[in-house]
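*Asks:* My questions concern the predicted model and sequence given below.
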Amino acid sequence: KKKLTDEGMFDESRKRRVPDTPVRIALVASVESAAYADFVKILSARWPFVELHVFDTQVQGEAAPEQLVRAITKANEQSDLCDVLVVTRGGGSADDLSAFNDERVVRAVSASRIPSVVAIGHEIDESLAELAADLRASTPSNAAELLVPDRSAEQATLRALRDSLNSSARS
């Protein structure tokens, strides 16, 4: 952590703004995980208009860091880049989450051409990859909540605006 901190990898000044309502999301996760299911469920319920590009990868174990780097790299090599890159996995022990403290993964997140959101584990967990990301989400579900508006709330706002305009037009 000290080495990467000294290099400025976690500096606030290098963080980019994540789009308010992304149209295309690159998701790096294990499609068999609860984190994937939670993210997709919340995303679909809140804003079903998103185009999701999934990069399936292992998220723990010896092969996980290299697979994560490959998935992040592949997302960044697409000819038509997504608006945001989300890297996520659910909670677990420190050993389970260690891939997200691997220097290769941290550097891949930091080097991403796509603004990044990283959500690893539960609210109390914090990985180096999250510190390198443009935005840290406390959980996979929180990542979806931060990225897209709530469709129901947006519809309510539009109805209120319509009613206000109709009222003004009658006056």
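*Replies:* All right, it came through fine. Numbers count the residues shown, from 1 in each chain.
*Asks:* Got phi/psi on the residue positioned nearest the centre of the chain?
*Replies:* By Cα atoms, centre = their mean, the chain has its centre lying nearest to V86, at 2.8 Å. The phi and psi values for V86, taken as degrees, to the nearest 10, are phi -110, psi 130.
*Asks:* Then S152?
*Replies:* For S152, the backbone dihedrals (degrees, to the nearest 10) come out as phi -60, psi -40.
*Asks:* Count residues in the vicinity of Q78, would you?
*Replies:* Residues near Q78, counting by other Cβ atoms under 10 Å, number 14. Just so you know, the C-beta spots here come from the backbone N, C-alpha and C atoms, and that holds for glycine as well.
*Asks:* What residues does it make contact with?
*Replies:* Applying Cβ atoms under 8 Å, 6 or more residues apart in numbering to Q78 gives the contacts A26, H53.
*Asks:* please renumber so the chain begins at 27
*Replies:* Understood, numbering begins at 27; the last thing we discussed is Q104.
*Asks:* Confirm that it sits in a strand.
*Replies:* No - under DSSP: H, G, I helix; E, B strand; the rest coil, Q104 sits outside any strand and is assigned coil.
*Asks:* got the CA coordinates for the helix or strand hosting L191 in CSV?
*Replies:* In this assignment (DSSP states H and E), L191 forms part of helix 177-196. In CSV, the C-alpha atoms belonging to helix 177-196 read as follows (Å, rounded to 0.1, in the frame of the first residue of the first chain):
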residue,chain,number,x,y,z
ARG,A,177,-36.9,4.7,-12.5
SER,A,178,-39.9,5.0,-10.2
ALA,A,179,-38.5,8.2,-8.6
GLU,A,180,-37.7,9.6,-12.1
GLN,A,181,-41.3,8.8,-13.3
ALA,A,182,-42.7,10.6,-10.2
THR,A,183,-40.6,13.7,-10.9
LEU,A,184,-41.8,13.7,-14.5
ARG,A,185,-45.5,13.4,-13.5
ALA,A,186,-45.0,16.3,-11.0
LEU,A,187,-43.4,18.4,-13.7
ARG,A,188,-46.2,17.5,-16.2
ASP,A,189,-48.9,18.4,-13.6
SER,A,190,-47.1,21.7,-12.9
LEU,A,191,-46.9,22.6,-16.6
ASN,A,192,-50.6,21.7,-17.1
SER,A,193,-51.5,23.8,-14.2
SER,A,194,-49.4,26.8,-15.4
ALA,A,195,-50.9,26.4,-18.9
ARG,A,196,-54.4,26.7,-17.5
